[in-house]
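> Got a predicted model here, sequence first, then my questions.
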Amino acid sequence: MARFQHTVTLAPVPRRLLESCVGTLHDLAEDTRAQDTAAEDAGAEDAADGRSRTGPTFTVLAWDRRRETAVEVVTEDHGPDHRVRLVCALGVRSAARPREAWLTATLRTGGGKGRNHLDGTARLRLDLGGWWQATGGRRRTAASPLSGTLTHALARATVTAAPQPAPDGRWRVTVRARVRGRSFARPLLAVAALLLRARARRTFAEALDDAAERWNAHVPAWVDAGEAGLRATPTDAVRGAHGPGSSGQGCSGAREAHTAGE
């Protein structure tokens, strides 16, 4: 089994700001579903190369503002010699006051020799209450607020992330990963871990540093711009299907416009 650990420093996102935007996105999704259901009928398209692409198709798994909201997105790509199916599900407990978020992704392939070795499943869970408590320095628990698993036919990886407040107000997040081989790959992974340990740890650290750099390059601008800045990006993505005349608004502004239109 191979173990990795690295700590990065991230720009923080205020709790009230994030909760406001989650609620507004819930409002916007309800409004979008009421105005336009054509996206649910996105069917297969036959390409000139003989491939058939289906989706993405969206399915609402749960829709309760106070309990749970969850959606599933399925994308398929079929060709003469291969099949690819990606199923992603995203959920949040209590959009009114988010307590927990989760994400699952399953990749299934077929049609070609060895293609099934690409199959895998990823699961991610974020305890938002635990995250805010840890970043506020009010409580330290043994369980990490963010945890996930990646399961493959030949290996299984578990990942955790635990934050704590930095002296300057930012988040110091320690990410830990454990990778264990499965089936006949178990002894092979053990040997590779011994021979390539330093390189693997360096690659792990560099990947997290790059992700942190991108986070810190964009998140502060959204936060500094207030709710309007953080709200603009998802608004443009969702409202883009309704024509070029749509414009991004702040979280509060979008919610007020939605309420006024009822």
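Ah, there it is. Numbers count the residues shown, from 1 in each chain.
> and residue 150, which of the three is it?
strand (DSSP: H, G, I helix; E, B strand; the rest coil).
> Not counting sequence-adjacent ones, nearest residue to residue 130?
residue 145 (3.9 Å; Cβ to Cβ, 6 or more residues apart in numbering). Bear in mind the C-beta positions are built from the backbone N, C-alpha and C, glycine included.
> Now do the buried residues in the longest helix along the chain.
Using DSSP state H, we find that the single longest helix of the chain is helix 197-224. For helix 197-224, a neighbour-count test (16 or more other Cβ atoms under 10 Å) marks 204, 205, 208, 212, 215, 222, 223 as buried.
> can you list the weak-confidence ranges in the protein?
For the chain, applying pLDDT under 70 flags the ranges 32-55, 111-117, 139-142, 183-186, 188-191, 193-195, 226-262.
> Can you list the residue ranges for strands in it?
In the chain, the strands defined using DSSP state E lie at 2-10, 44-46, 52-63, 68-79, 82-93, 100-110, 120-127, 146-152, 155-165, 171-181.
> Nearest to residue 136, out of those?
Nearest to residue 136 among the strands of the chain is strand 155-165 (6.8 Å), distances taken as Cβ to Cβ.
> returning to what we had before: ok, so of the buried residues of helix 197-224, who is nearest residue 97?
residue 223 (19.9 Å).
> and the longest helix of the chain with strand 171-181, angle?
140 degrees (axes from the mean of the first three to the mean of the last three Cα atoms, to 10 degrees).
> packing partners for helix 197-224?
On a contact count with 3 or more Cβ pairs under 8 Å, 6 or more residues apart in numbering; DSSP states H and E, helix 197-224 meets strand 2-10, helix 226-239.
> check contacts around residue 177.
If you count contacts by Cβ atoms under 8 Å, 6 or more residues apart in numbering, residue 177 has them with 3, 4, 5, 157, 158, 159, 160, 204.
> same thing but 10 Å
2-6, 148, 150, 157-161, 204, 208 (Cβ atoms under 10 Å, 6 or more residues apart in numbering).
> Find the pair from those with maximum spatial separation.
Farthest pair in the contacts of residue 177 (Cβ to Cβ) is 2 and 161. Separation: 17.7 Å.
> thinking again about what came up before, would you confirm that the residue nearest to residue 130 contacts residue 126?
Yes - using Cβ atoms under 10 Å, residue 145 is in contact with residue 126, at 6.4 Å.
> Quick check: neighbours shared by those two?
100, 161.
> what's the neighbour count on the nearest residue to residue 164 once chain neighbours are set aside?
Nearest residue to residue 164 in three dimensions, chain neighbours excluded: residue 172, at 5.3 Å (Cβ to Cβ, 6+ apart). Residue 172 has 16 neighbouring residues, counting by other Cβ atoms under 10 Å.
> which residues touch the closest residue to residue 205 other than its chain neighbours?
Distances taken as Cβ to Cβ, 6+ apart place residue 6 nearest to residue 205, at 4.5 Å, with adjacent residues excluded. Residues in contact with residue 6 (Cβ under 10 Å, 6+ apart) are 173-177, 201-202, 204-209, 212.
> One more pass at 6 Å, please.
Applying Cβ atoms under 6 Å, 6 or more residues apart in numbering, we find residue 6 in contact with 175, 205, 208.
> quick one: the last one from residue 63, how far?
Residue 208 sits 35 Å away from residue 63, taking Cβ to Cβ, to the nearest Å as the criterion.
> swap in the second one?
Between residue 205 and residue 63 the computed distance is 40 Å (Cβ to Cβ).
> thinking again about what came up before, surely the residue nearest to residue 164 and residue 165 touch.
No - when contacts are counted by Cβ atoms under 6 Å, residue 172 is not listed as touching residue 165 (7.3 Å).
> Tell me the spacing between residue 158 and residue 225.
36 Å.
> same deal with residue 155?
From residue 155 to residue 225 the distance is 41 Å (Cβ to Cβ).
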